[in-house]
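*Asks:* Kindly generate the corresponding structure for this input.
(chains A and B)
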There are 2 protein chains.
Amino acid sequence: MLRCIIVGYGFLGKRLARLIASGALGGVKLVGIASSKGYIYKEDGFLLSDLPDDLQSSSMLRLAPASELINKRIADLLVELTPTNIRDGEPGLSHIRLALEQGMDVVTANKGPIALAYEELMELAEGTGAMLLHEATVGGGIPLISLKNRCLAADELLSIRGILNGTTNYILSRMHFEGMTLDLALKEAQMLGIAERDPTLDLEGVDTALKLVILANSLMSMKKRLSDVKIKGITKITSEAITAAKESGMTIKLIGIADENGLRVAPKLVRLNDPICVHGTLNAVSFNFRILGRLTIIGEGAGESTVSALINDIHEVVKTRMRSNRI
Amino acid sequence: MLRCIIVGYGFLGKRLARLIASGALGGVKLVGIASSKGYIYKEDGFLLSDLPDDLQSSSMLRLAPASELINKRIADLLVELTPTNIRDGEPGLSHIRLALEQGMDVVTANKGPIALAYEELMELAEGTGAMLLHEATVGGGIPLISLKNRCLAADELLSIRGILNGTTNYILSRMHFEGMTLDLALKEAQMLGIAERDPTLDLEGVDTALKLVILANSLMSMKKRLSDVKIKGITKITSEAITAAKESGMTIKLIGIADENGLRVAPKLVRLNDPICVHGTLNAVSFNFRILGRLTIIGEGAGESTVSALINDIHEVVKTRMRSNRI
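*Replies:* Okay, the predicted model is just below:
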């Protein structure tokens, strides 16, 4: 059995903990959970009935940082799910470093460390023979990293073009279909929980840029940083501009592009019958491969769907470690 | 080096032979090529300059069936590319059986054997420890088989719904956008080489049904045969019906569906902003997964794109055999 600890006990952490503790994920047991409040652990594995609603309500709670749990060396796998911090990647970056240094495998949904320190972390992982999987950092549960690396490894990826942020896509879709202003569509999105109270990172294109950096570095062997991306958000897009586009069979979408000319994020005119032109909170990514040509993949880029990326990455770790008889 | 033979030397066989002989595919050498005219072989591997335009023009040609080449046991991998025969799967079925019986790995684009005898062939492969990969049988180079099996193995596939035939999609798209009749759109498609001279299997939905059987059996562990599919083609679709659909923001597409109610192929109303609603010769498949939800993948379902599926399957064989030190 692969022994797993989860650091970060919010929406994703709780869903994942329930799935593992219920036995729905073969070959894995959950031996520890940490949040900003402290951590709990149980070396023989948590059962579903052991899981607290919040760590504060657990009688087992230790008031110590997650690093202490990671350092106990009771686990083979760290699932890092603390919130994304785009300034320095912390605390996720330190958690991931600590685990990889010990040869512990890591699965994460945390964009910060992967966007800021991909090269360093991959080298660290290679050095200790640990796996670092991060499908859940981009496009929710849509397989993007594994699609290239496991299904299309023999073809060559030439460019990426995609809608990578569900919040702005929801807003632009409402502007397109209902003629709403950006402000009104944003307020609606906030009421529905689709946009955060401070939507700056989404609206300004920074979230899309982070994801683009992750895709370019992990799929095209680029060595890009956030500062290498030319970024333009959607805050200046008016309903008049979208109406004008509509009259020509097009609309405006916030698009991230990675190709031989570098990385950029900007609102772009897109034809309504372009496969990438999806609406609502959907994400869509078009890859251009040398032999295959254009391949587009579409799905929900957040929420429940992200749990799928996590369990598929965990499954890959289990499969790999069983093959090498390490668990 | 993985030693490979190609049986079937048409569009795909020639492209693939050139890629392997030019060294573009790491870890593989081409030691034999067969067509209905006979076969040629070279145990130390063909170079690009060795490849004949057609086997008849080669001075090395042996006037004997492909089975003789397979039986020489000079190769680790058979790439089976003879034309699809939906009656009995021959001659591909015999070629694949012969290879698997010897423990030779098989990569194929031939729908016949996989649609007609999937269970038998997979059992045979398991028995001898051979690999049987067939990504190229459905959706050209679009990863469908490997997408589920390598990227989403831990999630559960509940249903499949897709446009799996580029010829009929081209015809229906021309009817939708240009108001053409089916007859006219078909003639145009034939002139462009998109439709075959006898387009019956495409128009009647049989090609879509074959692909649906392959997907259901290999991704949902069903045990279906072509005769289990309810099939309705597009021959009765009028431009008036499509115009009426268009007025309601919809169009008509030939859709294959596999779910708990079984397998069926029929023309269906599809919303124009449904991600599956792609045009021209594109294929599109929506998978519904238990946790991920809906995932749609879109690309060219034939031609050059299919070469990508073949090289990615061959790459998987090379990787697997290198890991087990078999080559």
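
*Asks:* where's the spatially closest residue to A:I297 that is not a sequence neighbour, which helix or strand?
*Replies:* Of all residues not flanking A:I297 in the chain, B:I297 sits nearest, at 5.0 Å (C-beta to C-beta, 6 or more residues apart in numbering or on different chains). The way it works is simple: take the backbone N, C-alpha and C, and place the C-beta from them, glycine included. Under the criterion of DSSP states H and E, B:I297 resides in strand B:293-300.

*Asks:* Next secondary structure element downstream of that strand?
*Replies:* For strand B:293-300, the following helix or strand on the C-terminal side (DSSP H and E) is helix B:304-323.

*Asks:* Which positions in the stretch 151-300 of chain A make contact with chain B?
*Replies:* Counting by C-beta under 8 Å from any C-beta of the partner chain, the stretch 151-300 of chain A comes close to chain B at A:151-155, A:272-273, A:275, A:278-279, A:282, A:284, A:289, A:291-300.

*Asks:* before we move on, the earlier item: got the contact list for the residue nearest to A:I297?
*Replies:* The neighbours of B:I297, taking C-beta atoms under 8 Å, 6 or more residues apart in numbering or on different chains as the test, are A:295-298, B:142-144, B:147, B:284-285, B:287.

*Asks:* again, but for A:A154
*Replies:* Applying C-beta under 8 Å, 6+ apart to A:A154 gives the contacts B:25, B:308, B:311-312, B:314-315.

*Asks:* How about A:M220: what's its closest non-neighbour residue?
*Replies:* A:M220 sits nearest to A:L157 (C-beta to C-beta, 6+ apart), 5.7 Å away.

*Asks:* And for the one you found, the neighbour number?
*Replies:* Close neighbours of A:L157, defined as other C-beta atoms under 10 Å in any protein chain shown, add up to 22.

*Asks:* Bridge partners for it, pull those for me.
*Replies:* Using DSSP bridges, the bridge partners assigned to A:L157 are A:F289.

*Asks:* Please report how far the residue lying closest to A:T181 once chain neighbours are set aside lies from A:T251.
*Replies:* Leaving aside its chain neighbours, A:T181 sits nearest to A:S239 (5.4 Å; criterion: C-beta to C-beta, 6+ apart). Counting by C-beta to C-beta, to the nearest Å, the separation of A:S239 from A:T251 is 12 Å.

*Asks:* Kindly report the same for A:V31.
*Replies:* Taking C-beta to C-beta, one finds A:V31 at 49 Å from A:T251.

*Asks:* do the same with A:E126
*Replies:* 43 Å.

*Asks:* So between these two, which is more surrounded?
*Replies:* Comparing A:E126 with A:T251 by other C-beta under 10 Å, the one with more neighbours is A:T251, at 23 against 11.

*Asks:* doesn't A:I242 make contact with the more buried one?
*Replies:* Yes - counting by C-beta atoms under 8 Å, A:T251 does reach A:I242; the two are 6.2 Å apart.

*Asks:* Identify the contacts common to those two.
*Replies:* Shared contacts of A:T251 and A:I242 (C-beta under 8 Å, 6+ apart): A:172, A:176.

*Asks:* What about A:D44, how many residues nearby?
*Replies:* A count of neighbours around A:D44, defined by other C-beta under 10 Å, yields 8.

*Asks:* Repeat that for A:E68.
*Replies:* By other C-beta under 10 Å, 13 other residues sit near A:E68.

*Asks:* Likewise for A:R225?
*Replies:* 14.

*Asks:* Now the closest residue to it other than its chain neighbours: which helix or strand?
*Replies:* The shortest distance from A:R225 to any non-neighbouring residue, by C-beta to C-beta, 6+ apart, is to A:V213 (6.7 Å). A:V213 belongs to helix A:206-219 when assigned by DSSP H and E.
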